[in-house]
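**Q** sharing a model prediction with you, sequence too.
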Protein chains: 4
Amino acid sequence: MCRLLAYIGTPVNLESILCKPEHSLIVQSYKPREMLQGTVNADGYGIGWYDLKKGSEPFIYKSIIPIWNDTNLESISRYVESNNILAYIRSATSGQALDMSNAQPFKYKNLSFIHNGRVEKFKKTLYRPMRTNLTDEIYSWIGGTTDSEHIFAMILNHLTTNPDKTIEQALHVTLLELQEMAFSYDTSILANLVVSDGKRLVASRYAVKQQAPTLYWVQDDANFPNSVIIASEPLFTGNWQPCPENSIISVGEECDIELLQI
Amino acid sequence: MCRLLAYIGTPVNLESILCKPEHSLIVQSYKPREMLQGTVNADGYGIGWYDLKKGSEPFIYKSIIPIWNDTNLESISRYVESNNILAYIRSATSGQALDMSNAQPFKYKNLSFIHNGRVEKFKKTLYRPMRTNLTDEIYSWIGGTTDSEHIFAMILNHLTTNPDKTIEQALHVTLLELQEMAFSYDTSILANLVVSDGKRLVASRYAVKQQAPTLYWVQDDANFPNSVIIASEPLFTGNWQPCPENSIISVGEECDIELLQI
Amino acid sequence: MCRLLAYIGTPVNLESILCKPEHSLIVQSYKPREMLQGTVNADGYGIGWYDLKKGSEPFIYKSIIPIWNDTNLESISRYVESNNILAYIRSATSGQALDMSNAQPFKYKNLSFIHNGRVEKFKKTLYRPMRTNLTDEIYSWIGGTTDSEHIFAMILNHLTTNPDKTIEQALHVTLLELQEMAFSYDTSILANLVVSDGKRLVASRYAVKQQAPTLYWVQDDANFPNSVIIASEPLFTGNWQPCPENSIISVGEECDIELLQI
Amino acid sequence: MCRLLAYIGTPVNLESILCKPEHSLIVQSYKPREMLQGTVNADGYGIGWYDLKKGSEPFIYKSIIPIWNDTNLESISRYVESNNILAYIRSATSGQALDMSNAQPFKYKNLSFIHNGRVEKFKKTLYRPMRTNLTDEIYSWIGGTTDSEHIFAMILNHLTTNPDKTIEQALHVTLLELQEMAFSYDTSILANLVVSDGKRLVASRYAVKQQAPTLYWVQDDANFPNSVIIASEPLFTGNWQPCPENSIISVGEECDIELLQI
């Protein structure tokens, strides 16, 4: 069912947030604690990060092998430093291909995206309807076949057709559309996700007709001052707050948090 | 631009047709002779074969690494014996992902399919129109993002909605539809392909607004009695016949050949 | 710590033994029951099988991705039929590379080999000593860097220098040598393994200075008449017998079982 | 036969040296100009770089797929900035495994290493002799099975047993030892290589009983001021100098070049 994390705040070494915590994503890949479905997250992983001095586009690194097996991770996590990071370990929906195109994070221009959850029976239910209203640009941008990428595409569709919309607004309306679609096509949806534009993080904990997966945040932890970390499971002992179900959590450049109940 | 081969006839060991010929697909992967675009075919490969005693569904083996690097090929080609074989080495369209989902042959129930060619600027031109008229079943069956799989989907759409149609007929009408679309959306198409149902091979050499890639066949070669081999490039010195441009070549269980000019 | 199985008897479809049992190796890859170390077996897998009509050499198929992710498995397991099969799912020793060269089964001429266990701190202890007495032929045959392959190399060294030795004898003396080395170099060894020559299976459950991993066999199960299956964990409910610790189990072409206490 | 490059000088973006030159390693992977053996370099690639602010150890990124297919390269080459870079595209010796463990660059503590060349019939000739005199530390450090890594191991053996030796001296004596071994064991050697410690580059163009592969350097090119680039083939039109055969080229932190004829 995937596990994710997002970091915003004082620039940190990727290693410190991704590898070193006692219940890091590496540990969660083989021994997650709060998964409602599935047992391991060994179907690849990915990282996204920003360095605005080098442009507004995120940097993305993905792999289709288990995170614990990737010999490149040591160097990448030791080298990368960022104030805005997404990371993700995958538990692929059975029957979906283990393709790089389906690995997260996804990116579009300056935006990056990770998703923990699923559209139940996606290919048989919302796959086609979710594509119907996409502009040609977003339609042809889709590179894979996951429900996750299609949720991101719906958000992008709002943002590109209404440039005045904020990410929060685009996410909000997308979740409402998904809710409606879930009822029309008789399916269920889990939509814990994070969108970043390199300056802020916008996350949701959301479900339709199921219990939402867990999502937590911690602010200004002693080891990560001036930061907010959002994660599927607490990475270490600390003052982790559960995100309310069916809410949008938005964290700005000053690590200010806003919560919106949907 | 890919290279392909298809075999029908007396059961042969896969090795004899795939690996041993002097200008085998292995050689063509790094030193093709008649490629009009691209230089190597190192973006993976795939094999499909039938054994009707074990059911009507084809057996498919695919890899995303160059054929010369796959250490499994030795055992697989030594073990497999079949009277109906497709094989394929890939030169991926730039920008398309090196995903297993995009590797050929594709299969649907008892049918398998390989394609050498491309729809020019596929994602920007025919990607969306080619999907419009698909039934939900075929639409949701599509597992990747290649032009090739979409051509197969159009053929399957005809076959599943008109169970009386022959493969030749479904292929013929698909090629005509593609031609019309190419003109409507101002693009070009190369469509050398082979469809098999385990009993016969139906191939086309076809192009719209470009020169068709090469395609040859040889019948009853001394080393392959009672057989027809179709290939992008002759595999060995022999009585290879160039397929006419814009034609459909159909080979039946008795290795009888029919040619249809489109 | 890996899980393994071996089959000898009436020819069966690979699928029936590898994929269909309720506690198959696929299930054991993410939910093993009797692992003493490690939690999952997701570091690749491999299969070996024989078809003596096609020669005495085993056929080997390996992959470095988790068995549940390999889209080729469906066709291979549906196609392959054999009376002598080895299969294996890997939990790599931490720090060892996820390389095809380190994937099992290993093969040498007509022999194939799988190993569940480890030499503790192999690289720092027995790596060099185990190579010292190898003939040049066996020394240069080694293709990877695992303790497993080196145990097989020691067995091969006995068999190639003493063509009269049986596999049982070569295995027996190898285990005794390993025991001695373990004491000399102050390390421990787990050596559950199977060697096949296509005609019989020779297995061991063996440990030095640790508890041996589990190993079971079942004979003439109702669903697999005229057969013996050896496995790390019972694949299904049945009359599974635990192999005694520190024993060699040998199964002949008539499915006759011999047990030798070491 | 592989192609390599090394950069030292003013910090540059990896992209500018690896991807943008008209005859970049990406182009050389499918269309090399001066290969004496082999046709393409599609058996993986690797990059090493230093950032002394982040420690003395090199950062290493490797892949076993062709450089043109790696979707991670865009982000990595756009993100990495360094004053000391090695890069390498592989054409594997036939019969050697396409393993991460065999991918270059290799690293040991603060040193990194790339090699274009081969020991002819390595496994049958120098494989065992090259290991004989290694200390246990270097012996057990070896992670793969290539001739390249074994040459690096010999250099490391000199450096670790004689901490006063310079890299140039260790390389020099290693090449002389290899020459002697080549005559003793009746084989030939190609040894174009680069060693870096993050502060300088030490390269050789060297062969025993064959013609050495090409190697060039360019200093203070208009697009790369205050730098030296060493490469198997000129990356762009410029004042490239062929390295003399059988020489060691050493470039210091001030981009001062020393040439030593062997």
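**A** Done, it's in.

**Q** taking the stretch 151-262 of chain A, what residue is nearest to chain D?
**A** In the stretch 151-262 of chain A, the residue that lies nearest chain D is residue A:198 (13.3 Å; Cβ to the nearest Cβ). Every C-beta, even on glycine, is put in place using the N, C-alpha and C of the backbone.

**Q** what about that residue, how many residues nearby?
**A** 22 (other Cβ atoms under 10 Å in any protein chain shown).

**Q** can you pull the contacts of the residue nearest to residue A:261 when sequence neighbours are not counted?
**A** Among residues not flanking residue A:261 along the chain, residue A:247 sits closest, at 5.3 Å (Cβ to Cβ, 6 or more residues apart in numbering or on different chains). Residues near residue A:247 by Cβ atoms under 8 Å, 6 or more residues apart in numbering or on different chains: A:204-206, A:259-262.

**Q** so where's chain A shaky on pLDDT?
**A** Counting by pLDDT under 70, chain A contains low-confidence ranges at A:1, A:95-97.

**Q** can you list the residues of it near chain C?
**A** Taking Cβ under 8 Å from any Cβ of the partner chain as the contact definition, chain A meets chain C at A:30-31, A:39-40, A:42-43, A:64-66, A:69, A:71, A:92, A:97-98.

**Q** out of those residues, which two sit at the greatest distance?
**A** A:31 and A:97 (25.6 Å; Cβ to Cβ).

**Q** so which of these two has more stuff around it?
**A** Between residue A:31 and residue A:97, counted using other Cβ under 10 Å, residue A:97 has the larger neighbour count: 21 against 14.

**Q** closest residue of the stretch 151-262 of chain A to chain B?
**A** Relative to chain B, the nearest point of the stretch 151-262 of chain A is residue A:185 (11.4 Å; Cβ to the nearest Cβ).

**Q** enumerate every residue touching that residue.
**A** A:125-126, A:129.

**Q** contacting residues for residue A:255?
**A** If you count contacts by Cβ under 8 Å, 6+ apart, residue A:255 has them with A:8-9, A:219-220, A:226-228.

**Q** need the max-distance pair from the residues you listed.
**A** Of all pairs drawn from the contacts of residue A:255, the one with the longest distance (Cβ to Cβ) is A:8 and A:220, at 11.8 Å.

**Q** joint contacts of those two?
**A** By Cβ under 8 Å, 6+ apart, the residues touching both residue A:8 and residue A:220 are A:227-228, A:255.

**Q** which stretches in the stretch 101-250 of chain A count as helices?
**A** Taking DSSP state H, counting those that start in this stretch to define them, one finds helices in the stretch 101-250 of chain A at A:127-132, A:136-141, A:147-161, A:167-184.

**Q** for chain A, which strand is longest?
**A** In chain A, taking DSSP state E as the definition, the longest strand is strand A:3-13.

**Q** picking up where we left off before, give me the buried entries from the contacts of residue A:255.
**A** A:8-9, A:219, A:227-228 (16 or more other Cβ atoms under 10 Å in any protein chain shown).

**Q** let's have those in JSON lines, adding distance to chain D.
**A** Compiled in JSON lines, the buried ones among the contacts of residue A:255 are given as follows (distance: Cβ to the nearest Cβ, whole Å):
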{"residue": "A:8", "distance to chain D": "19"}
{"residue": "A:9", "distance to chain D": "20"}
{"residue": "A:219", "distance to chain D": "28"}
{"residue": "A:227", "distance to chain D": "20"}
{"residue": "A:228", "distance to chain D": "23"}
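
**Q** let me know the closest of these to residue C:77.
**A** Comparing the buried ones among the contacts of residue A:255 against residue C:77 with Cβ to Cβ places residue A:8 closest, at 46.6 Å.

**Q** my guess is the closest one contacts residue A:83. True?
**A** Yes. Under the criterion of Cβ atoms under 8 Å, residue A:8 makes contact with residue A:83 at 6.6 Å.

**Q** contact residues of the stretch 101-250 of chain A facing chain D?
**A** Near chain D, when you scan the stretch 101-250 of chain A using Cβ under 8 Å from any Cβ, you find nothing.

**Q** just the buried positions in stretch A:19-36, please.
**A** Buried, per 16+ other Cβ under 10 Å, within stretch A:19-36: A:19, A:21, A:23-30, A:32, A:35.

**Q** let me see the ranges of the strands in chain A.
**A** A:3-13, A:45-49, A:59-63, A:81-89, A:106-108, A:111-119, A:189-196, A:201-205, A:207-208, A:216-221, A:224-231, A:241-242, A:247-251, A:257-261.

**Q** which parts of chain A sit against chain B?
**A** Neighbours of chain B within chain A, by Cβ under 8 Å from any Cβ: A:97-102, A:123-124, A:127-128, A:136, A:139-140, A:142-145.

**Q** out of those residues, which are buried?
**A** Looks like the residues of chain A next to chain B have A:97-102, A:123, A:127, A:139-140, A:142-145 buried, using 16+ other Cβ under 10 Å.

**Q** which one of the residues you listed is nearest chain D?
**A** Nearest member of these to chain D, counting by Cβ to the nearest Cβ, is residue A:100, at 5.7 Å.

**Q** pretty sure that closest one is touching residue A:64, no?
**A** Yes. Contact criterion Cβ under 8 Å: residue A:100 and residue A:64 qualify, at 6.1 Å.

**Q** and for these two, which residues touch both?
**A** Joint contacts of residue A:100 and residue A:64 (Cβ under 8 Å, 6+ apart) do not exist.

**Q** show me what contacts residue A:159?
**A** By Cβ under 8 Å, 6+ apart, the contact set of residue A:159 is A:111, A:165, A:167, A:170.

**Q** and if you look at residue A:196?
**A** A:6, A:8, A:48, A:50, A:58, A:84, A:86, A:111-113, A:202.
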